[in-house]
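Visitor: Make a model of this:
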Amino acid sequence: MSIGELSVPALRYVNWRFVEDYFERQEQGMDANQQARAEKKRRLLRELAELQVAEMADAGQFDQTPHFGTIERAASELGKELSREAQQRAAREVAAVGEARAACPTCGALCDVATNCRIVNSIDGPVELTECVADCRQCRRSFFPSTDSDGVG
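Guide: Sure thing, here's the model as predicted:
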């Protein structure tokens, strides 16, 4: 085993210890469900990091010492991918808990609500957004019942 091979587990331990300390501070005052979710997030983030490093190793990026920017870019892309997944999931949840009918903000008529998907560009890249849309036949307009505004401005 080389000195470099010995240093990788040591660095991983030091970095993970920093992350674990951060999460432990965040967990103070949490209930059991919140603590279980925080631990699961921590475990899954570690697993994602290991998968990312394995992909980089398979691509030969560790055959020589990579510039740290290479490591940082790969980690950032992984973070963006996670962000897009979380945004898509949260949007589906908002649509799922929406009402089946909503009052038109213009005339007050009750309108059926349907879900619609479209691609939006978030700061982390394209996201498939699932949203509730209602069509008012009296006003001949569509509106988004998940917001409290009339959509003007």
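Visitor: Show the pLDDT at Gly69.
Guide: Turning to Gly69, the model gives it a pLDDT of 95.
Visitor: May I ask which helix or strand encompasses it?
Guide: When elements are assigned from DSSP states H and E, Gly69 belongs to helix 68-96.
Visitor: residue ranges of the helices in the chain, please?
Guide: Using DSSP state H, the helices assigned to the chain run over residues 3-27, 32-58, 68-96.
Visitor: tell me what the helix holding Gly69 is packed against?
Guide: On a contact count with 3 or more Cβ pairs under 8 Å, 6 or more residues apart in numbering; DSSP states H and E, helix 68-96 meets helix 32-58, strand 110-122, strand 125-136. Quick note: C-beta positions are derived from backbone N, CA and C, even for glycine.
Visitor: In the second one, which residues are buried?
Guide: Within strand 110-122, the residues scored as buried using 16 or more other Cβ atoms under 10 Å are Cys111, Val113.
Visitor: Ser76: neighbour count?
Guide: By other Cβ atoms under 10 Å, 12 other residues sit near Ser76.
Visitor: try Pro66
Guide: Number of residues near Pro66 (other Cβ under 10 Å) recorded here: 13.
Visitor: Dump stretch 74-88 to CSV, restricted to CA.
Guide: Below are the C-alpha coordinates for stretch 74-88, written out as CSV (Å, rounded to 0.1, in the frame of the first residue of the first chain):
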residue,chain,number,x,y,z
ALA,A,74,-17.9,16.7,-11.0
ALA,A,75,-19.2,17.3,-7.5
SER,A,76,-21.1,20.4,-8.6
GLU,A,77,-22.7,18.5,-11.5
LEU,A,78,-23.8,15.8,-9.1
GLY,A,79,-25.3,18.5,-6.8
LYS,A,80,-27.1,20.0,-9.8
GLU,A,81,-28.5,16.6,-10.7
LEU,A,82,-29.8,16.1,-7.1
SER,A,83,-31.3,19.6,-7.1
ARG,A,84,-33.2,19.0,-10.4
GLU,A,85,-34.6,15.7,-9.0
ALA,A,86,-35.6,17.4,-5.7
GLN,A,87,-37.3,20.3,-7.6
GLN,A,88,-39.2,17.8,-9.8
